[in-house]
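J.: Predicted structure and sequence below. I'll ask about it afterward.
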Amino acid sequence: MAATGSEKQGAKAFYVSTPIYYVNDAPHLGHAYTTVAGDVLTRWHRQRGEKVWYLTGTDEHGQKIMRTADANGVTPQEWCDKLVEEAWKPLWEHLNIANDDFIRTTEKRHTDRVQEFVQDLYDKGEIYKGGYEGPYCVGCEEYKLPGDLIEDEQGVKLCPVHKKPVEILKEENYFFKLSEYGPKLLDFYEKNPGFIQPESARNEVVNFVRQGLEDLSISRSTFDWGIPIPWDEKHVIYVWVDALLNYATAVGYNENPAKFDETFPANVHLIGKDILRFHAVIWPAMLMAQGLPVPGKVAANGWLMVGGEKMSKSNLTGIKPQDLTSHFGVDAYRWYFLRAIAFGQDGSFSWEDFTARYTSELANDYGNLASRVAAMVGKYFGGALPASGADGPAEAAVHEGLAKAVAEADRKIGEELDFQGGILAIFDFVKQVNGYITEQEPWKVAKDDSDEGRARLATILYTAAESLRAVAVLLNPIMPETSQKLWDSLGAEPGLGALADQRVDDAATWGRLPAGATVTKGAVLFPRLEEPKKD
C-alpha cells in the first residue's frame, strides 16, 4: 500500500508482526485470522497518517519440516519453496493483506544475522554447553515440562496442544542462561502492565516466571535442518531462537542501522496463545541479554474452534479460507472473524453464524443503506448530491453519533486491539443512520414540491450520503474493496482524493462530501448469498 503524504519521515514506524508460520502444511483459518487482524491494525494506523511497517513470513527450519519433506520425497528447502510460493504468499494476496515485508528463515539476510546474534551472546558468556533429557513435542518444536503433559486412556504422555505422544530426547546442547532473567522479567512486567494482552495471558506468564525459569536449550544435534551454531557446526540453532529473531533480522539488525533504529522494536507482536511463552518470556530475555529494546506489546489471540476442537491440520479441522471467500467474498471474510470473535478469546466458527451475520449486518443494514441512499439521490436529484439545507435536531444527533463512533472505533481498534468493539461502534452508527432515514421518511418529504420541502429532502439525503462517506473511511481498513466501491459510488474522489489517503480523524469532520458530487447506484455491495448446493 502506498504511504500517505502525512507520514512523519524519520519517525519511529508503528511496527506490527504476525508469527512466522510453520510451513509443514498449507494455511488454514487460524493463520489467516491473525494475519487479517494485523492487516486491519496497520491499515488503521496508516489512516492515522502514521509511518507503518507490517511484517509476516514463514518459519522453515526444524525437525517437523524435515520429517514432512522426507515424507513427501523432497528436500526441506524444496518443500518450503513449494509451500511458500504456491500456498502462503498467494493466500495473503487473495485476502488483500498489505504487508510491507515477507521474511523467510531460510533467507541469507536472516541466517547470517541469527548466527551473529547467537555468537554475540556466546562471547558475552550468556551461552554454555550442557546436556538435557526430557519429553519433546516435534509439532511444537519444544521440550515440555512434565506437568504440562496430558495422558490418553492407556497412560501415554501426550502434548496438550497436538494430542500426540511426546518423544524422550537426550542430547548434548548449548544453553542460554534464561534462569537469570526471571527477576528482570518480573520487574519489566510490573512496570509495563500492558506488555502482555489479554489480562489472562499476562497472569499466566507472570505465574509461570514466578515459579522459576530453567535455562533454555538453544541448539540441537540430532538433526541438521537448521542454522549451524557458528562456533560448533555439529549443532544447529534451536528453531524457536531462529524464528524469534526474524523480528529483528527483517528490519535490518546488524545490516541496516538506519532502518533498524526507525523500526525496531515491534509495537505489537500478534501471536496465537499457544506460543505465548516464547514471545513473552524467551524473546524479551534474549533482547535484554543483547542490550536491545523490548517490544511494546505481545497480544495473544485465542483459538478458532470447530466442533469444540482447536482448528488445526492435526485435528482435521483446518478449513481453508478460500472455502469461505468463494461463498461470502473476501471483504466479508475479513470482517466476520474480527466482528464475531473478541480478540484474545477463543471463538467458535460456524457457517450458520457467518450466514446470519452477513445477511443481517452486511447485506441488510450496511449494503441496503448504501443502495437506498444512492437510489433516492438518483431519483429525486438526478444523481447530483444536493447541498444540505438547515440542520435540525435529527441531523445534530447524527453528527454527534458519528463523532462518537469515530472516537470509539479509533480507541478500540487503534489502541486497545478491540477489533470487535471498534466494528460494533461503526455499525451502531450505520444502524443510527438507517433509523434516521426511517424516521425522516424522505419518500414522503419528496411529495412536497415547495422550496421548504425540497430543502428538507436535500438535507436528509445529504446527511445520509455524508454519513456513508464517513463509514467508507472507517471501514476501509477492514473491508477495502467494498469501501472503495462505496467511495466511488458517492463521487467522493474528485473532491476529496483517494480513499487510502483519508484520515481516521477526518471521518468525523462533517460536511466533507462536496455538494454536486455525482452519486451512482453501483453493484450491490453484499449480494444475496446463493443457497448451498445439495447432494
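T.: Noted; the coordinates are in hand.

J.: what is the nearest residue to Gln197 once chain neighbours are set aside paired to in the beta sheet?
T.: With C-beta to C-beta, 6 or more residues apart in numbering as the criterion, Gln197 has its nearest non-adjacent residue at 4.7 Å, and that residue is Ala299. To be clear about C-beta, it is placed using only N, CA and C from the backbone, and glycine gets the same treatment. With beta bridges defined as DSSP bridges, Ala299 has these partners: Gln197, Leu270.

J.: Does Glu133 touch Glu172 like I think?
T.: No. At 10.5 Å, Glu133 does not count as touching Glu172 under the criterion of C-beta atoms under 8 Å.

J.: More neighbours: those two, which one.
T.: Under the criterion of other C-beta atoms under 10 Å, the comparison of Glu133 against Glu172 puts Glu172 first, with 15 against 10.

J.: how far away is that one from Gly130?
T.: 8 Å (C-beta to C-beta, to the nearest Å).

J.: can you check Arg109 too?
T.: To Gly130, Arg109 is 31 Å away according to C-beta to C-beta.

J.: Compare those two (neighbour count), which wins?
T.: Neighbours were counted for Arg109 and for Gly130 using other C-beta under 10 Å; Arg109 has more, 14 against 10.

J.: unless I'm mixing things up, the more buried one is touching Glu255, no?
T.: Yes. At 6.9 Å, Arg109 and Glu255 qualify as touching, with contact defined as C-beta under 8 Å.

J.: rewinding a little: which residues does the residue nearest to Gln197 contact?
T.: Gln197, Pro198, Val268, His269, Leu270, Ile271, Phe343, Gly344, Leu417 (C-beta atoms under 8 Å, 6 or more residues apart in numbering).

J.: ok, now Ile218?
T.: Ile218 neighbours (C-beta under 8 Å, 6+ apart): Val118, Ile127, Asn173, Tyr174, Phe175, Phe176, Ile237, Tyr238, Val241.

J.: of these, closest to Trp335?
T.: Val241 (36.8 Å; C-beta to C-beta).

J.: Chain neighbours aside, what residue packs nearest to that closest one?
T.: Ile218 (4.9 Å).

J.: and the one you found, what pLDDT?
T.: Here, the pLDDT recorded for Ile218 equals 96.

J.: Quick check: it vs Val236, distance?
T.: The gap separating Ile218 from Val236 is 10 Å, by C-beta to C-beta.

J.: cool, and Glu214?
T.: For Glu214, the distance to Val236 - C-beta to C-beta - is 21 Å.

J.: next one: Ser217
T.: In terms of C-beta to C-beta, Ser217 sits 12 Å off from Val236.

J.: In terms of neighbours, single out the busier of those two.
T.: Per other C-beta under 10 Å, whichever of Ser217 and Val236 has more neighbours is Ser217, with 24 against 21.

J.: who are the neighbours in contact with the closest residue to the more buried one other than its chain neighbours?
T.: Computed as C-beta to C-beta, 6+ apart, the closest residue to Ser217 that is not its neighbour in sequence is Asn173, at 4.3 Å. Contacts for Asn173 (C-beta under 8 Å, 6+ apart) come out as Lys129, Gly130, Gly131, Tyr132, Ser217, Ile218, Ser219, Arg220, Ser221, His235.

J.: And Ala407, by the same measure?
T.: Ala407 makes contact with Ala508, according to C-beta under 8 Å, 6+ apart.

J.: Just the pLDDT for it.
T.: For Ala407, the model assigns a pLDDT of 98.

J.: how deep is Asn305 tucked in, by neighbour count?
T.: Not quite, residue 305 is Met, not Asn. Residues near Met305, counting by other C-beta under 10 Å, number 17.

J.: what pairs with it across the strands?
T.: Under the criterion used (DSSP bridges), Met305 bridges to Lys310, Ser348.

J.: so it makes contact with Asp346?
T.: Yes. Counting by C-beta under 8 Å, Asp346 is a contact partner of Met305 at 5.8 Å.

J.: Listing request: residues of the stretch 151-300 of the chain with sub-threshold pLDDT.
T.: Scanning the stretch 151-300 of the chain for pLDDT under 70 picks out 162.

J.: hey, where'd the strands end up in it?
T.: Taking DSSP state E, counting those that start in this stretch as the test, the strands found in the stretch 151-300 of the chain are 157-158, 167-176, 196-197, 216-217, 219-220, 228-229, 232-237, 268-272, 298-301.

J.: Could I get these in JSON lines, plus columns for distance to Val206?
T.: JSON lines is the format used below for the strands of the stretch 151-300 of the chain (distance: least, C-beta to C-beta, whole Å):
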{"stretch": "strand 157-158", "distance to Val206": "27"}
{"stretch": "strand 167-176", "distance to Val206": "21"}
{"stretch": "strand 196-197", "distance to Val206": "8"}
{"stretch": "strand 216-217", "distance to Val206": "18"}
{"stretch": "strand 219-220", "distance to Val206": "28"}
{"stretch": "strand 228-229", "distance to Val206": "32"}
{"stretch": "strand 232-237", "distance to Val206": "28"}
{"stretch": "strand 268-272", "distance to Val206": "17"}
{"stretch": "strand 298-301", "distance to Val206": "13"}
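
J.: Now do the helices in the stretch 301-450 of the chain.
T.: Using DSSP state H, counting those that start in this stretch, the helices of the stretch 301-450 of the chain run over residues 321-328, 330-340, 351-357, 368-381, 393-409, 419-440, 442-445.

J.: Show the contacting residues for the nearest residue to Gly62 once chain neighbours are set aside.
T.: Excluding the flanking residues, the one nearest Gly62 by C-beta to C-beta, 6+ apart is Val239, at 3.6 Å. Taking C-beta under 8 Å, 6+ apart, we find Val239 in contact with Asp59, His61, Gly62, Gln63, Glu141, Arg220, Gly226.

J.: And Val239, how close does it get to Lys51?
T.: The value you get for Val239 to Lys51, if C-beta to C-beta is used, is 32 Å.

J.: my guess is Ala332 contacts Leu362, does it?
T.: Yes. Contact criterion C-beta under 8 Å: Ala332 and Leu362 qualify, at 5.9 Å.

J.: Name all residues that sit in contact with those two at the same time.
T.: In contact with both Ala332 and Leu362: Phe526, using C-beta under 8 Å, 6+ apart.

J.: what stretches of this protein score poorly on pLDDT?
T.: The chain contains residues with pLDDT under 70 at 1-10, 162, 307-318, 532-535.

J.: for it, longest helix please?
T.: In the chain, assigned by DSSP state H, the helix with the most residues is helix 451-475.

J.: Centre of the chain to it, how far?
T.: 33 Å (C-alpha atoms, centre = their mean, to the nearest Å).

J.: In CSV, list the C-alpha atoms belonging to the very next helix or strand once past it.
T.: Using DSSP states H and E, the helix or strand that follows helix 451-475 in sequence is helix 480-489. C-alpha atoms of helix 480-489 as CSV (Å, rounded to 0.1, in the frame of the first residue of the first chain):
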residue,chain,number,x,y,z
PRO,A,480,-11.0,-2.2,1.5
GLU,A,481,-12.6,-3.4,-1.7
THR,A,482,-16.2,-2.7,-0.6
SER,A,483,-15.2,0.7,0.9
GLN,A,484,-13.7,1.7,-2.4
LYS,A,485,-16.9,0.7,-4.3
LEU,A,486,-18.9,2.9,-1.9
TRP,A,487,-16.4,5.7,-2.2
ASP,A,488,-16.7,5.6,-6.0
SER,A,489,-20.5,5.5,-5.9
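
J.: How far does helix 480-489 sit from its chain's centre?
T.: Offset of helix 480-489 from its chain centre (C-alpha atoms, centre = their mean): 22 Å.
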